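1. How does the following fold in three dimensions:
(one chain, ligands or ions: 1)
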Amino acid sequence: MGATEDEASRRSSAARRPRSSSRWELRLLASVGAALLYTALVAPVALGDNGGFAPVAPESPNAEGIRDSFIFVSIFILAIFVLVQSLLIAFVWRYRRRRRDRFEDGAQVHGATNLELLWTAAPVVVLFAIGTFVFLELPGISNIPSAGATGERLEVRVTGKQFYWQYEYPNGVVAIDTLRAPAGVPVRLEVTAPEEDVIHSWWIPALGGKFDAIPGTTNVTWFEAENPGVYEGQCAELCGVEHAKMLAAVEVLPEREFDAWLEARETETSELGEEEWVGVCAKCHGDTGEGGIAPRLAGSPILLDPEALEELVRNGRGEMPAVGADWTEEQVDALAAYLEENPPRGS
Ligand code: CUA
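-> From the prediction side, this is the model:
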């Protein structure tokens, strides 16, 4: 009887041993696999030629402050990540089960005053360092310079609407989606949205942080770009079906060129008409009016009837929002004139 039991238990433990070692191998394989997968997923993002994890190159002092804070915080994040992962691997190795029975506890540790002091004090020091750095950077990020080197400052009202950006300059000039600005001049932006619209978010990464465009509320931000060029961004708040098409750009021009553009736009509105077609109508109705998420427009008699067109953009129709509810007469006329000269062909 006894011999049989012994034999049976020996047999069963012999049968168990290879299975448990294969389970151990399986676990190791799974860990290595997970690590490789993680690396494969993260590496392209981290090493991407768009800067990877790093913010885009700043072109305005406030964006510089944001970039510097990001890098400062990242140093701690990286150090803590490496420390925690290394300790984890070291502990897994050092305190592995070896031949100890599956349900037997390993060596116990009771209290480690120095360690406890260390892991309480270290985070306090890290948070204090990060807090101090960020508070020192903050004025440079949020305070708008009163005037640039030339003593000037430009103010622009930025309104987010489904699904375009509208800019209003002090002289009444209106532009859509692309904001022109002079180089080397601080530009103060009042970011808002109409009462009947939804929340959008103004974001040109090279020129500073995100600012929400909230119906009925005005948020203020600014930028000052030294280098002429086009800086691109995107509405950063999911605002409806065409959110992805709600792109934004700032075109920084040499100051004299900007002044000339702003003056010309006071009297010449054909550029505005085109911006309205591309930015306001075409995102839903198609570039040539061929139809998209909204019906085909090409060939519609409304396009050539200024009164019907005005009634449509001011009041909307069915699912179409009142995209031009608060447009000036000049804006409505600019669109009508553009459509008259460039009737969409539908292909
Ligand atoms: Cu507007 Cu997203």
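
2. what does the stretch 151-300 of the chain have sitting close to the ligand?
-> Along the stretch 151-300 of the chain, the residues adjacent to the ligand under the rule CB under 6 Å from any ligand atom are 160, 163, 200, 235, 237-239, 243, 246. Every C-beta, even on glycine, is put in place using the N, C-alpha and C of the backbone.

3. Write a ChimeraX command that selects only the buried members of those.
-> Typed into ChimeraX, the line below selects the buried ones among these, using 16 or more other CB atoms under 10 Å:
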select :160,163,200,235,237,239,243,246
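
4. Next step: the residues of the stretch 151-300 of the chain next to the ligand restricted to strands.
-> 160, 200 (DSSP state E).

5. any chance of the residues of the stretch 151-300 of the chain next to the ligand in a markdown table, plus pLDDT?
-> Output for these, formatted as a markdown table (pLDDT from 0 to 100):
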| residue | pLDDT |
| --- | --- |
| 160 | 96 |
| 163 | 93 |
| 200 | 97 |
| 235 | 96 |
| 237 | 96 |
| 238 | 96 |
| 239 | 95 |
| 243 | 95 |
| 246 | 95 |
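
6. Which members of the residues of the stretch 151-300 of the chain next to the ligand are the farthest-apart pair?
-> 160 and 238 (12.4 Å; CB to CB).

7. Can you tell me which of the residues of the stretch 151-300 of the chain next to the ligand is nearest residue 307?
-> Residue 307 lies nearest to residue 163 out of those, by CB to CB, at 25.2 Å.

8. Give me the pLDDT value at residue 34.
-> If you check residue 34, the pLDDT there is 81.

9. Below-threshold pLDDT in the stretch 1-150 of the chain: ranges please.
-> For the stretch 1-150 of the chain, the stretches with pLDDT under 70 are 1-22, 48-52, 148-149.

10. can you rerun that using 50?
-> Within the stretch 1-150 of the chain, the stretches with pLDDT under 50 are 1-3, 12-18.

11. Residue of it nearest the ligand, please.
-> Taking CB to the nearest ligand atom, the ligand has its nearest neighbour within the stretch 1-150 of the chain at residue 56, 19.2 Å off.

12. correct me, but that residue touches residue 208?
-> No: using CB atoms under 8 Å as the test, residue 56 is too far from residue 208 to be in contact (11.2 Å).

13. mind checking how far residue 161 is from residue 216?
-> 13 Å (CB to CB, to the nearest Å).

14. Please read the previous query as pertaining to residue 347.
-> Residue 347 sits 41 Å away from residue 216, going by CB to CB.

15. Next: residue 268.
-> As judged by CB to CB, residue 268 and residue 216 stand 33 Å apart.

16. do the same with residue 59
-> Using CB to CB, residue 59 is found at 31 Å from residue 216.

17. more neighbours, those two?
-> Neighbours were counted for residue 59 and for residue 216 using other CB atoms under 10 Å; residue 59 has more, 22 against 10.

18. Name the SS class of that one, please.
-> Three-state call for residue 59 (DSSP: H, G, I helix; E, B strand; the rest coil): coil.

19. dump the residue contacts of it.
-> Residues near residue 59 by CB atoms under 8 Å, 6 or more residues apart in numbering: 206-207, 223, 225-227, 229, 231, 252.

20. quick one: the helices in the stretch 201-347 of the chain?
-> Along the stretch 201-347 of the chain, counting by DSSP state H, counting those that start in this stretch, helices occupy 255-267, 270-276, 282-285, 306-315, 329-341.
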